[in-house]
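K.L.:
sequence plus the predicted model coming up.
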Amino acid sequence: MTDNFSELPQYELDPATADLLPLEYCLEKSVVILGRRPQDPGAPLTVGCLSPADPALRNDLSTRLRRPATLVQLNPWEIRHALERVHALDLQVEEPGVERVSAARRISFAPGQAPRDILADTLAEAIRAGASDIHIESYPGDVDLRLRVDGVMRQVQTPLAPDNVTRVVSRLKVLCGVDFAEHRRALDGRFTALYEDGPATRRVDLRVTFQPGPHGEEASLRVLDRSRFILDLDHLGMPQGISKRWKSLIRYPYGLLLAVGPTGVGKTTTLYASVEAFRGDNLKVVTVEDPIEYEFLKVNQKQVAKAMGFADWLRTFLRANPDVILVGEIRDAETAEIAIRAATTGHLILSTMHTGDAIAAVGRLRALGVPDDFLSDVLVGILGQRLIRKVCLKCRQPHAPAPELVAQYYEKAPASGFVKGAGCDQCGGSGYAGQLGVFELLTHDPAVVAAISRGVPVEELRNVAIARGWKPLVEDALAKAEAGLTTLEEVARKVPPRFAVKA
Ligand SMILES: [Zn+2]
């Protein structure tokens, strides 16, 4: 910044003059009315902004102010401090990157609340509900707050409105330490919420994306609440047979083990629970992740960055010769190649892939250039998974699903009882509470391995696997519906019947 840096002290900030422009407008455009120089009361109004030469801004200001204005350049910090002083706006944070949130907070509709209170109430509500994401969305004349709970979006009534959303999002930007004057590009930031529940304080990390929207400020917050991780392979909902085999597969001295499925189905949780199972084994375990969602004691964890991707970290790890390497995701040919090489040279590689099911993962690895003989050599197991909602135990009742729905999954309807939740206070009327994994496990059965090394196409491989006793995950999902743990309607939302093997 040039000598303009010293503009600010020359002006008397006058709240009455500053009010000629609404605060929301000032925050959105990063402008502030600086008042007049005391020694020059007849001079035109002076407005501080980021780029005085911007013709659109000049036009807009002269229309709104209906009087001549002189534009001077200020930096974002100066604009923020001038706005804070003149509007008594409280965007200050006590500890950079940290927000203390009392569990006793409730969303309040009291008029004139400070942005910090609206934000803290929202965070308390989201953490209490076990939300995985918080979305602030601006529409014409309206602002929505939605939480993702158990994988489903839920609308929440809040005092967020077009006339305060910029202040609340500005507070969020200050917390994340990002430039609150930037409205033209998407920004990423993060902060930590300390959730104070009686004598206990829980650390919850939030990764925030700010997006400029056509109708105002928008932000998405990913809630990384470590206390919600299940780190026990016995509590993920795996059928007993799969759980037993997976536990033996992770003891292999070398090879490739994958957890596959779409985004948000618990693949990371499976790998974390597997890493936790190594505790006390005197193995050297390293991870490279994006992001690190849970910090383990005595596990060397690395975060992917621009300069160091999955492949770069893998190469670095190999020189240190660890026993087990967790690679957050295999998504490119380079990572696939090094992961396979690591698996052939005495390391156990745990990773995830975004594929529909376990068999499709074989096709994806081939597409990434992994030769069939290497793949058949290192493949230890592929776990396919999905998350389904559990029926609410408080309002669960017997239920007969629509015959057309039953017919999509069964040639002959099973005798045992399907259920549904009627909806109650406990489950917010949804009939569901919590989530449960459904699984399939493809292991290195000799016939499957031989088929992969012969380059058998994926569809044929599926038949080979089924002939050898592999059960697609729809079977686990249907077993859970028949056992009254979930509903057939929920299964239909998550697991398409085309994968079903009819009874
Ligand atoms: Zn209920």
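P.N.:
Received, thanks. Since the structure is predicted, the reported quantities are computational estimates derived from the model, not experimental observations.
K.L.:
over to Asp144. Which of the three states is it?
P.N.:
strand (DSSP: H, G, I helix; E, B strand; the rest coil).
K.L.:
same check, this time on Gly48
P.N.:
strand.
K.L.:
quick one: pLDDT of it?
P.N.:
Gly48 is assigned a pLDDT of 91 by the prediction.
K.L.:
Val380 now?
P.N.:
The model's pLDDT for Val380 equals 97.
K.L.:
so which residues on the stretch 351-500 of the chain come close to the ion?
P.N.:
Residues of the stretch 351-500 of the chain lying close to the ion (C-beta under 5 Å from the ion) are 392, 394-395, 421, 424, 426-427. All C-beta atoms are positioned from the backbone trio N, CA, C, and that covers glycine.
K.L.:
where in the stretch 1-150 of the chain is pLDDT low?
P.N.:
1-9, 36-42, 90 (pLDDT under 70).
K.L.:
quick check, the residue in it closest to the ion?
P.N.:
Asp150 (12.4 Å; C-beta to the ion).
K.L.:
report how many residues lie close to that residue.
P.N.:
By other C-beta atoms under 10 Å, 20 other residues sit near Asp150.
K.L.:
I'd say it and Leu436 touch.
P.N.:
No: in this structure, Asp150 is not within contact of Leu436 by C-beta atoms under 8 Å, at 9.9 Å.
K.L.:
overlap in contacts, these two.
P.N.:
Arg389 (C-beta atoms under 8 Å, 6 or more residues apart in numbering).
K.L.:
dump the C-alpha coordinates for the helix or strand hosting Ala481 into PDB.
P.N.:
Following DSSP states H and E, the helix or strand that holds Ala481 is helix 473-482. Presented in PDB, the C-alpha positions along helix 473-482 are these (Å, rounded to 0.1, in the frame of the first residue of the first chain):
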ATOM      1  CA  LEU A 473     -24.000 -54.900   0.000                       C
ATOM      2  CA  VAL A 474     -27.700 -54.800  -0.900                       C
ATOM      3  CA  GLU A 475     -28.000 -58.100   0.900                       C
ATOM      4  CA  ASP A 476     -26.600 -56.600   4.100                       C
ATOM      5  CA  ALA A 477     -28.900 -53.600   3.700                       C
ATOM      6  CA  LEU A 478     -32.000 -55.900   3.200                       C
ATOM      7  CA  ALA A 479     -31.000 -58.100   6.200                       C
ATOM      8  CA  LYS A 480     -30.900 -54.900   8.300                       C
ATOM      9  CA  ALA A 481     -34.300 -53.800   7.000                       C
ATOM     10  CA  GLU A 482     -35.700 -57.300   7.800                       C
END
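K.L.:
buried sites along that helix?
P.N.:
473-478, 480-482 (16 or more other C-beta atoms under 10 Å).
K.L.:
buried ones in the helix or strand just after that helix, by neighbour count?
P.N.:
On the C-terminal side of helix 473-482, the nearest following helix or strand under DSSP H and E is helix 488-494. Using 16+ other C-beta under 10 Å as the test for burial, helix 488-494 gives 488-492, 494.
K.L.:
what helices and strands are in contact with helix 488-494?
P.N.:
strand 379-391, helix 403-409, helix 473-482 (3 or more C-beta pairs under 8 Å, 6 or more residues apart in numbering; DSSP states H and E).
K.L.:
can I get the ones you listed in a markdown table with distance to His354?
P.N.:
Shown next, in a markdown table, are the helices and strands packed on helix 488-494 (distance: least, C-beta to C-beta, whole Å):
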| stretch | distance to His354 |
| --- | --- |
| strand 379-391 | 12 |
| helix 403-409 | 25 |
| helix 473-482 | 15 |
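K.L.:
please enumerate the strands of the stretch 51-200 of the chain.
P.N.:
69-73, 98-102, 133-139, 142-149, 152-156, 187-197, 200-213 (DSSP state E, counting those that start in this stretch).
K.L.:
can you lay out those as JSON lines showing mean neighbour count?
P.N.:
Below are the strands of the stretch 51-200 of the chain laid out as JSON lines (neighbours: other C-beta atoms under 10 Å):
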{"stretch": "strand 69-73", "mean neighbour count": "17"}
{"stretch": "strand 98-102", "mean neighbour count": "17"}
{"stretch": "strand 133-139", "mean neighbour count": "20"}
{"stretch": "strand 142-149", "mean neighbour count": "19"}
{"stretch": "strand 152-156", "mean neighbour count": "13"}
{"stretch": "strand 187-197", "mean neighbour count": "18"}
{"stretch": "strand 200-213", "mean neighbour count": "16"}
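K.L.:
in the stretch 201-350 of the chain, which residue sits nearest the ion?
P.N.:
For the stretch 201-350 of the chain, C-beta to the ion, closest residue to the ion: Gly237, 19.3 Å.
K.L.:
contact partners for that residue?
P.N.:
Contacts of Gly237 by C-beta under 8 Å, 6+ apart are 436-439, 480.
K.L.:
same thing with Val156?
P.N.:
Per C-beta under 8 Å, 6+ apart, neighbours of Val156: 107, 122, 125, 145-147.
K.L.:
can you pull the pLDDT of it?
P.N.:
pLDDT, Val156: 93.
K.L.:
state the distance from it to Gly429.
P.N.:
For Val156, the distance to Gly429 (C-beta to C-beta, to the nearest Å) stands at 14 Å.
K.L.:
Ala422 now?
P.N.:
On the measure of C-beta to C-beta, Ala422 and Gly429 end up 9 Å apart.
K.L.:
can you check Gln303 too?
P.N.:
40 Å.
K.L.:
same question for Glu12.
P.N.:
Distance from Glu12 to Gly429, by C-beta to C-beta: 56 Å.
K.L.:
the longest helix anywhere in the chain packs against which elements?
P.N.:
Assignment by DSSP state H gives helix 115-129 as the longest helix of the chain. Counting contacts by 3+ C-beta pairs under 8 Å, 6+ apart, helix 115-129 is packed against strand 98-102, strand 133-139, strand 142-149, strand 152-156, helix 165-176, strand 187-197, strand 200-213, strand 216-225.
K.L.:
tell me the confidence at the residue nearest to the spatial centre of the chain?
P.N.:
For the chain, the residue nearest the mean C-alpha position is Arg222 (4.2 Å; C-alpha atoms, centre = their mean). At Arg222 the predicted local distance difference test score is 93.
K.L.:
related to what we said a few turns ago, the helix holding Ala481 vs strand 379-391, what angle?
P.N.:
Relative orientation of helix 473-482 versus strand 379-391 (axes from the mean of the first three to the mean of the last three C-alpha atoms, to 10 degrees): 30 degrees.
K.L.:
model confidence over helix 473-482, on average?
P.N.:
pLDDT averaged over helix 473-482 gives 95.
K.L.:
for that helix, packing partners?
P.N.:
strand 379-391, strand 432-443, helix 488-494.
K.L.:
straight-line length of stretch 177-189, end to end?
P.N.:
In stretch 177-189, first residue to last residue: 7 Å (C-alpha to C-alpha, to the nearest Å).
K.L.:
contact partners of it?
P.N.:
Under C-beta under 8 Å, 6+ apart, the answer for stretch 177-189 is 27-30, 50, 76, 79-80, 91, 96-97, 170, 173-176, 191, 207-212, 217.
K.L.:
restrict the residues you listed to those near the ion?
P.N.:
Among these, the ion is touched by none when using C-beta under 5 Å from the ion.
K.L.:
no further queries at this time; thank you.
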